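**Q** structure of the sequence below:
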Amino acid sequence: MFDEQIETIRAAIKPDATSEARAAGAAACRTIIGQLEQAPKAAVNPAAIAQAVAAMRGMPTDQLLDLAIAKLRTLLPAGVELPPVPKLKFPTLPVRG
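**A** Modelled structure (predicted):
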C-alpha cells in the first residue's frame, strides 16, 4: 500500500540525496503519517441496532446459537476445517411407579 512512499523515503535518506529528493521524502512521510492517524469511523445506527435486537428477542435459543456459530465460523482463517460435533445425548432411565 505504501511501497511507493517507502521507496521515496529510502531515496531521500541516502547521503547523496538532492534537496528535491529530501522534500519528496518528507512529503511521503506526511502522507504515511496522515493515513496511519486516520481512525476508521464506524457508523452506528441506533434504529438498526434496536431492530436487530427486537428481531432476535423472539428467536428460539437454538436458532440464536446457530446464528452465533455461523458468524464465528466466518471469522476462521481460510482452509480451516472443524470436525463435526456429535449431538449431545443424555441417557434416560425408565421411571417405575
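**Q** any weak-confidence spans in the chain?
**A** 1, 39, 41 (pLDDT under 70).
**Q** where does the residue nearest to the spatial centre of it fall, phi/psi-wise?
**A** Closest residue to the average C-alpha location of the chain: residue 75 at 8.2 Å, with Cα atoms, centre = their mean. Dihedral pair for residue 75: phi -90, psi -10, per degrees, to the nearest 10.
**Q** distance check, it against residue 69.
**A** Distance, residue 75 to residue 69, using Cβ to Cβ, to the nearest Å: 11 Å. To be clear about C-beta, it is placed using only N, CA and C from the backbone, and glycine gets the same treatment.
**Q** ok, residue 47 next?
**A** Applying Cβ to Cβ to residue 47 and residue 69 gives a distance of 27 Å.
**Q** of those two, which one has the most company?
**A** residue 69 (10 against 7; other Cβ atoms under 10 Å).
**Q** so which helix or strand takes in that one?
**A** helix 61-74 (DSSP states H and E).
**Q** which secondary structure elements does that helix contact?
**A** On a contact count with 3 or more Cβ pairs under 8 Å, 6 or more residues apart in numbering; DSSP states H and E, helix 61-74 meets no helix or strand.
**Q** tell me where this structure has helices.
**A** Along the chain, the segments classed as helices by DSSP state H run 3-12, 19-37, 46-57, 61-74.
**Q** what does the longest one rub up against?
**A** It refers to helix 19-37. Helix 19-37 is touched from outside by 2, 4-6, 8-9, 11-14, 17, with contacts defined as Cβ atoms under 8 Å, 6 or more residues apart in numbering.
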